[in-house]
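**Q** Okay, predicted coordinates and the sequence, questions at the end:
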Amino acid sequence: MVKQLFGLYGASGFGQEILYWLRLELQKRADPSRIVFIDDGASKVELEGLAVMPYEEFLRQPEGVKWATIAVADAGIRQRIDSKLQADGIEQYPIRGDYTFVRGAILSEGSVLSAFVDITSNVKVGRCFHANTYSYVGHDCVIGDYVTFAPRVSCNGNVHIHDHAYIGTGAIIKQGTPDKPLVIGQGAVVGMGAVVTKDVPPGATVVGNPAKPLVRR
Ligand SMILES: CC(C)(COP(=O)(O)OP(=O)(O)OC[C@H]1O[C@@H](n2cnc3c(N)ncnc32)[C@H](O)[C@@H]1OP(=O)(O)O)[C@@H](O)C(=O)NCCC(=O)NCCS
């Protein structure tokens, strides 16, 4: 088997979480490839027994085949790293935790699905989607690029979530209909525990049950 190099971009808590799944996958297929963390601002040189290196150093490593997975929650940073990887021809390695189901969904490059995530039928998902544990995406949903689901997001059917939106832990999003999907606008934030019953405008932050714009005192 060819020895490849897998780079987890982001030596952070989330990087460490998804390292578990990548290690397990390589172990299961007795793959001798090497894993490193890529981090351009890290003060440490080692994490979890693996080398931590800046991106330029990752590019200089001797392995002929290199993969990267972006383990960064911030959507803007994720987009910038994604553009860089595409420009350098580095493919992104998808992460799948145990008991993840992707049934008849089309996922673009760079998806990271933690354990127990369920992406159901006729779903389209954009680039670098992160879905944390126990989240699901119901039928006929359309998810944009660089969207993030924290743990236990319940996204019911016919919901359209635009680019860069962030959905907090335990949020529940009401289903739309085929002719009137419920829309979460670009860059919107849905707070943890929110119950979203109506469209959320681009850039808005909503919280509560039923979800309303966050008012800061
Ligand atoms: C909604 C959210 C983005 C707001 O963050 P923030 O801008 O830092 O807001 P603050 O913590 O300053 O809170 C502002 C006010 O909103 C309230 N608030 C914050 N989040 C809330 C939520 N999810 N539901 C209800 N009220 C909330 C706070 O109690 C505070 O109220 P106060 O002004 O009466 O004291 C954030 O609280 C949130 O829910 N993030 C998602 C967290 C998550 O899921 N993490 C997963 C990690 S894997």
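**A** Happy to help now that I have it. Worth saying up front: this structure is predicted, and the values here are computed from it rather than measured.

**Q** Every contact and neighbour count from this point should use C-alpha atoms.
**A** Fine.

**Q** Mind listing residues that contact stretch 79-93?
**A** Phe6, Lys66, Trp67, Ala68, Thr69, Ile70, Glu109, Gly110, Cys128, Tyr146 (Cα atoms under 8 Å, 6 or more residues apart in numbering).

**Q** Give me the domain ranges for the protein.
**A** Split into domains by automatic domain parsing, the chain comes to 5-93, 94-208.

**Q** who's in contact with the residue positioned nearest the centre of the chain?
**A** Nearest residue to the geometric centre of the chain (Cα atoms, centre = their mean): His130, 1.4 Å. His130 is in contact with Ala73, Ser111, Val112, Leu113, Tyr146, Val147, Thr148, Phe149, counting by Cα under 8 Å, 6+ apart.

**Q** Let's see that with 6 Å instead.
**A** Ser111, Val112, Thr148 (Cα atoms under 6 Å, 6 or more residues apart in numbering).

**Q** if we take these, which one ends up nearest to Val183?
**A** Thr148 (15.3 Å; Cα to Cα).

**Q** What distance do you get for the closest one to the ligand?
**A** When distance is defined by Cα to the nearest ligand atom, to the nearest Å, Thr148 is 9 Å away from the ligand.

**Q** Tell me the backbone dihedrals of that residue, please.
**A** phi -120, psi 130 (degrees, to the nearest 10).
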